[in-house]
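Novice: Based on what follows, work out the 3D shape:
(chains A and B)
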There are 2 protein chains.
Amino acid sequence: MQIGIIGAGAIGLLYASYLYNYFSVTIYTRTIEQADEINKHGLILQKESKQRISFVKSMPISKWNGTEDVTIIAVKQYQLNAVVDKIKQLMIVPKNLLFLQNGMGHLKLLEKIPAENIFVGSVEHGAMKVNMNTVCHNGEGVTKVAVFKGDPTALHVLATALPSDFLMNEHDDFYEMLLHKLIINAIINPLTAILQVENGQLLENPYYYKAARNLFAEVAAIVNLKHAEQHFEQICHICRQTAANRSSMLKDVEANRKTEIDAILGFLLEEATKNGKKAPLIETLYDLVKGKENGWREC
Amino acid sequence: MQIGIIGAGAIGLLYASYLYNYFSVTIYTRTIEQADEINKHGLILQKESKQRISFVKSMPISKWNGTEDVTIIAVKQYQLNAVVDKIKQLMIVPKNLLFLQNGMGHLKLLEKIPAENIFVGSVEHGAMKVNMNTVCHNGEGVTKVAVFKGDPTALHVLATALPSDFLMNEHDDFYEMLLHKLIINAIINPLTAILQVENGQLLENPYYYKAARNLFAEVAAIVNLKHAEQHFEQICHICRQTAANRSSMLKDVEANRKTEIDAILGFLLEEATKNGKKAPLIETLYDLVKGKENGWREC
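Specialist: Down below sits the predicted model:
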């Protein structure tokens, strides 16, 4: 089976490294330089003290023609518009597309995409791009996947082939699956980014914990969350497990990068408006993160 | 007229320096060392490039017996309980007390104080304590004063004697007067402390401005503010005038000191509870500042 991967950030490189042993993989990059680097020196995967090199084929995104059996779209949510435009301009209707964006802001985009089958995934790995052709797999997790539209066959082939240290778990309900991750991100990411603290502080500091609970209550009301207490328990569990980590949004803010706040709190704000619900905390935390983002200038 | 000043922080030292030319002033300090320093080397007032020395009498607070004509209480709101205990233990009922705390959290304490006349003031000077016996007057303002209880005569004598560069303006309605300052502090202080930005950012950054507006709307609703738009205009004016300044709460947070958040948002939260109103933004911003305060440990 031929696999295309669009986006050569941490997640794209990680997927290319792991899938290379099982499929014929091409990774599509934003720059020619990065494709050249990967073609010339291979793609290096670092994990703990080991490293492995894979001679994955790489091309700039302009060369993508949509003919692979499955294409995995591993760009950030805010880069997705450009990819969607590209898909619409293809000469063919692509067969299987798997979207790995955080949040749920991208769902309304997916409805308009011409493709036979569309899948969505939620990545729970920790990965860091070290340089153009090196990725560090620093947190082993799973990828949860589900069908957004169409036939699950290709997704099933993909999931079945993968090894136990890179599992892909199939879920029935894409909405529930993405919502679960969204809620976790909606609490941990904005608070840690605004307060500039590690994840564990949201549990250890009783005032931050109270703020997290109040934010969670607002989020739960907006999405009509069932079993809310269990969800909150899981957020606490994740804060405990990743106590010393800085969240991705905190890292983005510190590096003056654009964050994924639109895909996360932005989505919830739209949901609130749609259902005529008030969301004062979400709205203000959204504004505070947007304000911090790159000193408020839009990228 | 004899004046006592309790508290030898920036405001206490500033008042002692200016009042020294017109009255017999004693400043009461928390430590014996500071009193010794002031008695030995005098109290130095710095303003622009000039400095002036005043040989103000100083004693540790334990020596205060409440016999002065007017005592000015210039400690932070969160240090007030100790002073109130001290007042209650005096052998006499003091004649005139002027309280210079920020916020309105102290009003419920004042009701229980045995004193003939009680005044409150709102200080709009900028001052910085340089060392134990030196204060820098880095922002000329006025002090607004009003009667909380009793007869205004002593307050009037005080206000009339002061020079044009240290004006004391008498107001009729202590509640309105303090509320005005409280509202300004309630918007500028918590947001700048949480975001760690200068005052001007609340205007310049459109997302922060939006957050400030939403917080203001919640505050205005809780105190049933009349002419709300004029109040908000004034907050903007102050942000513009002090654009490059770091607010006192931001400085406190950065120095790991206790902040005045209880006197400001804490007071508003109590008001909200009393009147059965919701205050989600105030509550969460209060929690975020409390969490930042000295790494959440109570002083």
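
Novice: Around chain B, pick out the residues from the stretch 101-250 of chain A.
Specialist: A:194-196, A:201, A:205-208, A:210-211, A:214-215, A:218 (Cβ under 8 Å from any Cβ of the partner chain). For the C-beta atoms, the positions are set from N, CA and C on the backbone; glycine is no exception.

Novice: Please identify the buried residues of the lengthiest helix in chain A?
Specialist: Scanning chain A for the helix with the most residues, using DSSP state H, yields helix A:174-195. For helix A:174-195, burial by neighbour count (16 or more other Cβ atoms under 10 Å in any protein chain shown) applies to A:174, A:177-195.

Novice: returning to that earlier point: so which of the residues of the stretch 101-250 of chain A next to chain B is the most crowded?
Specialist: A:A211 (26 neighbours; other Cβ atoms under 10 Å in any protein chain shown).

Novice: Next SSE downstream of the helix or strand where it lies?
Specialist: Per DSSP states H and E: A:A211 is located in helix A:206-222. Moving toward the C-terminus from helix A:206-222, the next helix or strand (DSSP H and E) is helix A:228-241.

Novice: Can you give the contact residues for stretch A:81-91?
Specialist: A:6-7, A:61, A:64-66, A:73, A:75, A:94, A:97, A:109, A:112-115 (Cβ atoms under 8 Å, 6 or more residues apart in numbering or on different chains).

Novice: Mind checking which of these are in strands?
Specialist: Cross-referencing those against strands under DSSP state E gives A:6, A:73, A:97.

Novice: Specify the beta-bridge partners of the first one.
Specialist: Spelled out, that is A:I6. A:I6 has these beta-bridge partners by DSSP bridges: A:Y28, A:I73.

Novice: Pull out the buried residues from stretch A:226-243.
Specialist: A:228, A:231-232, A:235-236, A:238-239, A:242.

Novice: That stretch: how far from the chain's middle?
Specialist: Counting by Cα atoms, centre = their mean, to the nearest Å, stretch A:226-243 is centred 19 Å from the centre of its parent chain.

Novice: In PDB, list the C-alpha atoms belonging to it.
Specialist: Taking C-alpha atoms only, stretch A:226-243 is exported to PDB below (Å, rounded to 0.1, in the frame of the first residue of the first chain):
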ATOM      1  CA  LYS A 226     -22.000  13.100  29.800                       C
ATOM      2  CA  HIS A 227     -20.000  11.600  32.700                       C
ATOM      3  CA  ALA A 228     -18.400  14.900  33.300                       C
ATOM      4  CA  GLU A 229     -16.700  13.900  36.500                       C
ATOM      5  CA  GLN A 230     -14.900  11.000  34.800                       C
ATOM      6  CA  HIS A 231     -13.600  13.400  32.100                       C
ATOM      7  CA  PHE A 232     -12.300  15.700  34.800                       C
ATOM      8  CA  GLU A 233     -10.600  12.800  36.600                       C
ATOM      9  CA  GLN A 234      -8.800  12.000  33.400                       C
ATOM     10  CA  ILE A 235      -7.600  15.600  32.900                       C
ATOM     11  CA  CYS A 236      -6.200  15.300  36.500                       C
ATOM     12  CA  HIS A 237      -4.600  12.000  35.600                       C
ATOM     13  CA  ILE A 238      -2.900  13.500  32.600                       C
ATOM     14  CA  CYS A 239      -1.700  16.500  34.600                       C
ATOM     15  CA  ARG A 240      -0.200  14.100  37.100                       C
ATOM     16  CA  GLN A 241       1.400  11.900  34.400                       C
ATOM     17  CA  THR A 242       2.900  14.900  32.600                       C
ATOM     18  CA  ALA A 243       3.500  17.100  35.700                       C
END
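
Novice: rewinding a little: the next helix or strand along the chain from the longest helix of chain A - contacts with which helices or strands?
Specialist: Downstream of helix A:174-195, the first helix or strand assigned by DSSP H and E is helix A:201-204. When contacts are defined as 3 or more Cβ pairs under 8 Å, 6 or more residues apart in numbering or on different chains; DSSP states H and E, helix A:201-204 packs onto helix A:174-195, helix A:206-222, helix A:228-241.
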